[in-house]
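A.B. asks: Sequence and predicted structure below; questions after.
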Amino acid sequence: MTEPPITPATPRDDVLPDDTAALVRRARAGEVAAFNVLVMQHQDAAYSLALRFLGSQQAAEDATQEAFLRAYRGLGRFEGERFRPWLLSIVANAARDELRRQRRRPQRSLDAARDDPDRTTIDPPDPGPSPEATALRGELRGHLEAALRTLPEDWRMVVLLSDVHGLAYDEVAAALGIPVGTVKSRLSRARGRLRDLLRATREPAGAQDRLEDRR
Amino acid sequence: MFLSAYLDGDLDTPERLALERRLVDDPSLHDAFEGLRDVVSELQQLDDLRAPRAFALPAATARPRVLWPLELGLRVGAVAAAAAFVVVLGLDVQRGGAGGVRGQAAPLRLQAESASSSFIAPDASAAGAVAASGAFRDATAGGDADASAAEDAVTEPDMVPTSFVTQPVTPATAPSLPAQPPDREETPAATPVPSRTPALAVTSASTTTSALQATPSARALTPAATAVASSTPALAQAAAPTTPAAAPTPAATMTPGPAGAPAAPSTATTVSTPQPAAAGGQGAAGSAPALPAVTPASPTGDEQPATEPPIQDDPVTETAPVPVAPAEERGGGGFDSDLAPDLGSIKPVPAQQPGGWGQSVTRVGVTRTDRFDGFRAAEFGLGGLALGLGSMTGWLWFARRRGAAASGF
């Protein structure tokens, strides 16, 4: 089944990309082009959050698209100064909704290999500078991504919003609808779990390195 | 948790200083802290993944939906109309409407002759009670067409005429008596009205041959009629000498009372009873105690002289509608069994077909009231409104879903 091509509205030339507040005002007035500028600015972050939380590219795309649609329809409720945390909170909720929807209707897609929980890496695109550096960084990131996926969902979302996307405690709490204390506790436990997981994966590698050094 | 908060700079100064002292003194704690800091550093260095496609919104899809207010209004209207419909329907059902069947008798439009003392079936239940007694058939088996018609009307509820009237009688021969309580047995002959014309109006002066007249003897009386006879010995005795062969003339059989007796008003259809001996009845009627007039139409049995027009000596008959109280008001709508034999004097009139809404139709056993009132109108209106609004809402929802699917959302 082929989906009809999406023809995004062309942003106007006079739009100032860095003027988020002005874009928000124009988007509120119904100018889709202004909102699409905001989309282009934040879609990578939104997609990254959805993909790292869901672990499925298709699900992440659906959640991201749904989040942008919700954001556009909910622009009237945006009263803050920071658009990015507000948008990421919508993405987080859309991703959680998508995860619940997947649990209600489990299905195996063509991305089954990607959705395989035994798979240790998400295999995201990485424009690394060199193949060696790319491999090392990809390995480290792969371990971290795999460790992230082993976290409970509540912990995982807190870590993604706080450590990966840099939201403050109160912003994370507002996005997830939980108290700040809960955010702190979940974040602390998640970090400790990740630390233990990364140490567990590094120990064999370190032992292998020490063995090779002796030879 | 303190280590994580320390990494985020969320500890106040005393806590931070205390933790720093412990980190220096405790190598294991320091090692844990180092590992935690590496994890956070690695997480913060994670780059955003490149989106596989643009998530920009198509202008058509992202356009503010102008139908939202309309759709919202339709939904609210549909729900409100449906709720109002349910409320109105409930109220209508509660009050016994909605075209339902009521056990309450509607007012009977009776055409009572002013001078006639006649019996009118109080309601259909009375006729049904008569039908239950075979004696009624016996009584009406004398070939009286009118009685047969009445019987047919009784035994076939659906075909029964809507009302009954008696044949007119001349007021000179059988002036009617005022209404009396229907429970004659409870007030047996205790209320003689000497001043009134003691005509035994059961035997109407007209050509109608009543069941009682056709009955050769008291044996033909139904149990109900027996009750009448037992409580009205004068009636039984007066009827006894009557033979079918000798066509009774009401005036001769049931002799009216004194000629100078004042005329009784005829506000209700009654079964007049012979008056005491002074009334000058025939045969044993002279010794018979007076029978109170039976008035099935009287709600309470109380006489209402104020509303009773005086009977005129003028033999001109006049027709006046006689309101009949509902069955409940008359004591549950039951049939006064002592009135059963008197049905023979009932003349069914051509059935009045229901003329549409707004007309009460009295049938045997039940009274169905078709009313085009406010409730009915509200039910139809609200039901149609709810249905229409709901359909429009569903259509809009379906159209929106199709539009969203076509645009890829």
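C.D. replies: Received, thanks.
A.B. asks: By mean pLDDT, point me to the weakest helix or strand of chain A.
C.D. replies: Within chain A, confidence by mean pLDDT, DSSP states H and E is lowest for helix A:112-115 among all helices and strands, at a mean of 49.
A.B. asks: got the contact list for the closest residue to residue A:190 other than its chain neighbours?
C.D. replies: Spatial nearest neighbour of residue A:190, excluding adjacent residues (C-beta to C-beta, 6 or more residues apart in numbering or on different chains): residue A:155 at 3.8 Å. In short, each C-beta sits where N, CA and C put it, glycine included. Residue A:155 makes contact with A:186, A:187, A:189, A:190, A:193 under the criterion C-beta atoms under 8 Å, 6 or more residues apart in numbering or on different chains.
A.B. asks: one more time with 10 Å
C.D. replies: A:148, A:185, A:186, A:187, A:188, A:189, A:190, A:191, A:193, A:194 (C-beta atoms under 10 Å, 6 or more residues apart in numbering or on different chains).
A.B. asks: Quick one: mean pLDDT over whichever strand or helix holds it.
C.D. replies: Following DSSP states H and E, one finds residue A:155 within helix A:153-159. Mean per-residue pLDDT for helix A:153-159: 93.
A.B. asks: Residue B:45 contacts residue A:166, correct?
C.D. replies: No - using C-beta atoms under 10 Å, residue B:45 is not in contact with residue A:166, being 11.6 Å away.
A.B. asks: Show me where chain A dips below the pLDDT cut-off.
C.D. replies: By pLDDT under 70, the low-scoring segments of chain A are A:1-18, A:106-130, A:133-134, A:136-137, A:203-215.
A.B. asks: hmm, 80 instead?
C.D. replies: Where chain A drops to pLDDT under 80, the residues are A:1-19, A:79-81, A:104-141, A:202-215.
A.B. asks: where does residue B:145 land on pLDDT?
C.D. replies: Note on residue B:145: pLDDT of 44.
A.B. asks: likewise residue B:276?
C.D. replies: 43.
A.B. asks: same deal with the one 10 residues further on?
C.D. replies: pLDDT, the model's per-residue confidence, is 41 for residue B:286.
A.B. asks: likewise residue B:372?
C.D. replies: On the pLDDT scale, residue B:372 gets 57.
A.B. asks: Over to the one 10 residues further on?
C.D. replies: Per-residue confidence (pLDDT) for residue B:382: 88.
A.B. asks: Hmm, residue B:79 and it touching each other?
C.D. replies: No - Residue B:382 is not in contact with residue B:79 according to C-beta under 10 Å; the separation is 11.8 Å.
A.B. asks: Show me where chain A has its helices.
C.D. replies: Ranges of helices in chain A, per DSSP state H, are A:20-28, A:32-54, A:57-73, A:83-104, A:112-115, A:131-150, A:153-159, A:169-176, A:180-214.
A.B. asks: Pipe those helices into CSV and attach distance to residue B:41 per row.
C.D. replies: Output for those, formatted as CSV (distance: least, C-beta to C-beta, whole Å):
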stretch, distance to residue B:41
helix A:20-28, 28
helix A:32-54, 17
helix A:57-73, 25
helix A:83-104, 21
helix A:112-115, 27
helix A:131-150, 11
helix A:153-159, 13
helix A:169-176, 19
helix A:180-214, 11
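A.B. asks: Can you pull out the low-pLDDT segments for chain B?
C.D. replies: Ranges of chain B meeting pLDDT under 80: B:1, B:59-72, B:95-375, B:396-409.
A.B. asks: What's the biggest helix in it, counting residues?
C.D. replies: Chain B, longest helix under DSSP H: helix B:374-406.
A.B. asks: Which strands and helices lie in contact with that helix?
C.D. replies: helix B:59-62, helix B:67-94 (3 or more C-beta pairs under 10 Å, 6 or more residues apart in numbering or on different chains; DSSP states H and E).
A.B. asks: what's the closest of those helices to chain A?
C.D. replies: Chain A sits nearest to helix B:59-62 of all the helices and strands packed on helix B:374-406, at 4.1 Å, using C-beta to the nearest C-beta.
A.B. asks: if we can go back for a sec, deepest-packed of the helices and strands packed on helix B:374-406, please.
C.D. replies: helix B:59-62 (a mean of 17; mean count of other C-beta atoms under 10 Å in any protein chain shown).
A.B. asks: returning to that earlier point: need the winner for burial among the helices of chain A.
C.D. replies: Scoring the helices of chain A by mean count of other C-beta under 10 Å, the most buried comes out as helix A:32-54, with a mean of 24.
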